[in-house]
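Colleague: need a structure here:
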Amino acid sequence: MKSLRRILLATCIMSIPMTTVALEVGESDFVWVSDLAIAGFKPFPVSSSGKASFGMMRDTDLYLCFLADNEKNQATRRDVLIASLGDETASRTLPNIPVACILAQ
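Modeller: Residues are numbered from 1 along each chain as shown. Next up, the predicted model:
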């Protein structure tokens, strides 16, 4: 009986006409996470469903932040880390992990 009610409720909900609202999507340049941190933005957790790693917030301004990495830099970091495990005198210089943040509207 409960599943019949759920089916009927779902059918009723699906039959309600959805009004569409035209939302004008703006544009802006991406910002590096380090620049936002310097400007006083604070990190906040986000759902991974949008593939963002985390967000940055200050007052009402929200940015979603994404890794902007590539396989070459990942491999270089891995190689440097592995080399340092076997040789304490090995170079510890490796590529930073770029994180680009996009204004959320």
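
Colleague: How about residues contacting the longest helix along the chain?
Modeller: Longest helix in the chain, counting residues (DSSP state H): helix 71-86. With contact meaning CB atoms under 8 Å, 6 or more residues apart in numbering, helix 71-86 is reached by 90-95, 97. From N, CA and C alone the C-beta is placed, and that goes for glycine too.

Colleague: Only the buried residues of the helix or strand that comes right after that helix, if you could.
Modeller: Heading C-terminal from helix 71-86, the first helix or strand you meet, by DSSP states H and E, is strand 99-103. By neighbour count on 16 or more other CB atoms under 10 Å, the buried set for strand 99-103 is 99, 101.

Colleague: Over to stretch 55-65?
Modeller: By 16+ other CB under 10 Å, the buried positions in stretch 55-65 come out as 55-56, 62-65.

Colleague: Now, the residues you listed that are in helices?
Modeller: Going by DSSP H, the helices hold none of the buried residues of stretch 55-65.

Colleague: Most widely separated two among those?
Modeller: The widest separation within the buried residues of stretch 55-65, taken as CB to CB, falls between Leu62 and Cys65 and amounts to 10.4 Å.

Colleague: shared neighbours of the two, anything?
Modeller: With CB under 8 Å, 6+ apart as the test, Leu62 and Cys65 both reach 55-56.

Colleague: can you list the weak-confidence ranges in this structure?
Modeller: 1-21 (pLDDT under 70).

Colleague: which residue is nearest the middle of it?
Modeller: Ala52 (1.4 Å; CA atoms, centre = their mean).
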